[in-house]
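**Student:** sharing a model prediction with you, sequence too.
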Amino acid sequence: TSGEQAKSLLAQLQEQALERNSLDGALVRLREDHAMELLKEKQAAVLHEQQQQVAEAARMELEAGLTNQVSRAELRTQQLQQEMAELSGFRERALSAEDALRPFQIRVEQLRAAFAEEQALRKRYHN
């Protein structure tokens, strides 16, 4: 009968409507989940980029610090080399001065010996 067929069709339509509502809800949840995953991926990419920028800034700062240390070390090396050259000049002048004093030192020793000899003679004849 047509009333039963209408009821059966109505039941099927209601069942299909419930299934469609359920599928629509599932589709909405899938879209939301997908949107959340995309957002997480974008956030992860932004975080990764920020971390790379921080790491690059730290590397550049470290490199600048090391470059500065190398420059100071090179400057100190140049200063020490210059001081060594100056000290070498002082050493040569000191050796030259000692060589120049040697004849005077010999003469002083000769005079001391002569004086000691004269004092010994005076003491001998005085007593």
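**Tutor:** Yep, that arrived.
**Student:** from E109, how far off is L121?
**Tutor:** Applying CB to CB, to the nearest Å, the value for L121 to E109 is 19 Å. Just so you know, the C-beta spots here come from the backbone N, C-alpha and C atoms, and that holds for glycine as well.
**Student:** and V28, by the same measure?
**Tutor:** 116 Å.
**Student:** now the helix or strand encompassing M36: average pLDDT?
**Tutor:** Counting by DSSP states H and E, the element that carries M36 is helix 2-126. Helix 2-126 shows a mean pLDDT of 94.
**Student:** so what does it touch, helix or strand wise?
**Tutor:** For helix 2-126, there is no helix or strand it packs on, judged by 3 or more CB pairs under 8 Å, 6 or more residues apart in numbering; DSSP states H and E.
**Student:** pull stretch 37-45 out as PDB, backbone CA atoms only.
**Tutor:** C-alpha atoms of stretch 37-45 as PDB (Å, rounded to 0.1, in the frame of the first residue of the first chain):
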ATOM      1  CA  GLU A  37      47.300  20.800  11.300                       C
ATOM      2  CA  LEU A  38      48.000  23.500   8.700                       C
ATOM      3  CA  LEU A  39      48.200  26.100  11.600                       C
ATOM      4  CA  LYS A  40      50.500  23.800  13.500                       C
ATOM      5  CA  GLU A  41      52.700  23.300  10.400                       C
ATOM      6  CA  LYS A  42      52.900  27.100   9.900                       C
ATOM      7  CA  GLN A  43      53.700  27.700  13.500                       C
ATOM      8  CA  ALA A  44      56.400  25.000  13.400                       C
ATOM      9  CA  ALA A  45      57.800  26.700  10.200                       C
END
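**Student:** which residue is nearest the centroid of the protein?
**Tutor:** L62 (3.5 Å; CA atoms, centre = their mean).
**Student:** tally of neighbours for G65?
**Tutor:** Neighbourhood size, G65 [other CB atoms under 10 Å]: 10.
**Student:** ok, now Q12?
**Tutor:** Using other CB under 10 Å: Q12 sits among 10 other residues.
**Student:** that one and L27, how far apart?
**Tutor:** 22 Å.
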